[in-house]
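> Pasted the sequence and its predicted model underneath.
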Amino acid sequence: MEKEKSCGAIVYKIENNELYFLLLKHNAGHWSFAKGHIEEGETEEQTAIREIKEETNLDVVLDTSFRTVHTYSPKEGILKDVILFVATCKDDHYSIEKENHEIKKILWLKAEEALQTITYEEDKKILKQAIEYIHKKVSISF
């Protein structure tokens, strides 16, 4: 069986005591997080940072204390691992620019709206884990 690996992050920001997440609508039609295939010689962290920059033009800081792996088969004969971290934008720069031809739309959405918008159930579970992690990490209440 062929193995594939993608890395990315659940990018978030806090504005006016509200938790927002960055979601991307991919050309295939689904809503998910910024992520992409690992390139030879890259670490998981380098891949996540590069993919977010390529897809959104955002520079981020990864929090590698949150790391989740989702394994699935996108096609017969292929087993894919998707590694996701959480991340925040550097320098409070939240302006997004669609840089990648694989992406149709990019939005900052409040947590509840993000949970309703995400296409795949596994991504919803991962987002819920990230929300719990962020709530424990950040001392303000949302």
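Now that the structure is in, tell me what you want to look at. Numbers count the residues shown, from 1 in each chain.

> What residues sit buried inside stretch 103-116?
103, 106, 108, 109, 111, 114 (16 or more other C-beta atoms under 10 Å). Every residue, glycine included, has its C-beta placed from N, CA and C.

> Can you list phi and psi of the fifth one for me?
Pointing back at residue 111 there. With angles defined as degrees, to the nearest 10, residue 111 sits at phi -50, psi -50.

> which SSE is the residue nearest to residue 25 when sequence neighbours are not counted in?
Distance criterion C-beta to C-beta, 6 or more residues apart in numbering; nearest residue to residue 25, sequence neighbours excluded, is residue 105 at 4.1 Å. In this structure, residue 105 is located in strand 103-110 according to DSSP states H and E.

> residues making contact with that strand?
Contacts with strand 103-110, where a contact means C-beta atoms under 8 Å, 6 or more residues apart in numbering, come from 13, 18-27, 55-56, 94, 96, 98, 117.

> could you redo the last one with a cut-off of 6 Å?
By C-beta atoms under 6 Å, 6 or more residues apart in numbering, the residues outside strand 103-110 that reach it are 18, 20-25, 27, 55-56, 96, 98, 117.

> Show me what the following helix or strand past it is packed against.
Using DSSP H and E, the helix or strand that follows strand 103-110 towards the C-terminus is helix 111-117. Contact here means 3 or more C-beta pairs under 6 Å, 6 or more residues apart in numbering; DSSP states H and E; on that basis helix 111-117 packs against strand 18-26, helix 121-137.

> residues in contact with residue 89?
Residue 89 makes contact with 58, 60 under the criterion C-beta under 6 Å, 6+ apart.

> could you give me the average pLDDT of stretch 90-99?
Regarding stretch 90-99, the rounded mean pLDDT is 65.

> wait, residue 90 sits on residue 59?
Yes - Residue 90 is within contact range of residue 59, at 4.4 Å (criterion: C-beta atoms under 6 Å).

> for this structure, where's the lowest mean pLDDT among helices and strands?
When each helix and strand of the chain is scored by mean pLDDT, DSSP states H and E, strand 103-110 comes last, with a mean of 92.

> got any ranges where this protein has weak pLDDT?
92-100, 139-142 (pLDDT under 70).
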